[in-house]
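Participant: Fold the following, please.
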Amino acid sequence: MKILCVISARGGSQGLKNKNLINFFGKPLIYWSIKQAMKSKVIKEVYVSTDSSNIAKFCKSQGAIIPFIRNKKLATSNASKFLTWKDSLKRIEKVNKTKYDYFFDLDCTNPLRSPEDIRSFVNTSIKKINNIIDGVITVAKARKNPYFNMLELNKNKLLVLSKKKSKNPVSRQQAPLVFDQVASMYFFKTSFIRNNNALYQGKLVGFVLKEYQNFDIDSEIDYKVIKTLFKTYYLKKQCTI
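Facilitator: Prediction:
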């Protein structure tokens, strides 16, 4: 059983400049994901897909493998993450002259996990994936619910519920359970990556994270919030990386 672990980290960022290398408790942000994977005991090698020479240089110094520099077309703010995965799988298999069974993506903008969390996710994903299920993604119970308190504009520019039922719930507890997709961890059969071009073309199941793990860094506010959560749930509990 061969697992390919890839961290995708482009150099540009619109919400927070150079966020993958931003200082996070004395280390560049991407450092935490590399070390979490290495200490998980289920990942043998960590690959990084990046278009940035600075990111590549740092990741190599931490023991990650960078077999290629990503094409600029796959490093824009509009680029498909799925097509980036597809590119990474194809190029790494070609370089290594091997076929992998599973593709594991670790998002470096969400450091709110431990090596133990990664180990649990990978082991659970291997058990869940079968002839029907293509992959497992991280999710969390949504803070807002489209059946109760999420709104959109109708054709008259008036606010209406995003989703309707024949009898709308009068409380959040009565609304159907919905989830946020969390940019943290993704695990797929490599055949699914090879044969498709978009995430939701597959049959997916969720791995539910703890509530405080439902954050990733896209802005300055996210950065401040995640620093507080990381300090509270990891550093104070001596979760060493």
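Participant: what's near enough to touch residue 150?
Facilitator: 144, 161-163 (Cβ atoms under 8 Å, 6 or more residues apart in numbering). Any C-beta I mention is one placed from the backbone N, CA and C, and that applies to glycine too.
Participant: Please flag which of those residues sit within strands.
Facilitator: Per DSSP state E, strands hold the following members of the contacts of residue 150: residue 161.
Participant: Rebuild the contacts of residue 150 as CSV, extending it with pLDDT, distance to residue 184 and neighbour count.
Facilitator: Formatted as CSV, those follow (pLDDT from 0 to 100; distance: Cβ to Cβ, whole Å; neighbours: other Cβ atoms under 10 Å):
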residue, pLDDT, distance to residue 184, neighbour count
144, 90, 19, 12
161, 91, 29, 16
162, 92, 24, 14
163, 91, 25, 15
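Participant: okay, now the nearest residue to residue 153 once chain neighbours are set aside: neighbour count?
Facilitator: The shortest distance from residue 153 to any non-neighbouring residue, by Cβ to Cβ, 6 or more residues apart in numbering, is to residue 159 (6.5 Å). By the measure other Cβ atoms under 10 Å, the count of residues near residue 159 is 9.
Participant: what's the distance between residue 159 and residue 21?
Facilitator: 40 Å (Cβ to Cβ, to the nearest Å).
Participant: for residue 7, same thing?
Facilitator: 13 Å.
Participant: Common neighbours of these two, please.
Facilitator: What both residue 7 and residue 21 touch, as defined by Cβ under 8 Å, 6+ apart, is the set residue 30.
Participant: Pretty sure residue 104 sits in a strand.
Facilitator: Yes: counting by DSSP: H, G, I helix; E, B strand; the rest coil, residue 104 is located in a strand.
Participant: I'd say it and residue 4 touch.
Facilitator: Yes: Residue 104 lies in contact with residue 4 (Cβ atoms under 8 Å); the separation is 6.7 Å.
Participant: just to revisit the earlier point, so which of the contacts of residue 150 would you say is closest to residue 134?
Facilitator: Distance to residue 134 across the contacts of residue 150 (Cβ to Cβ) is lowest for residue 163, with 25.3 Å.
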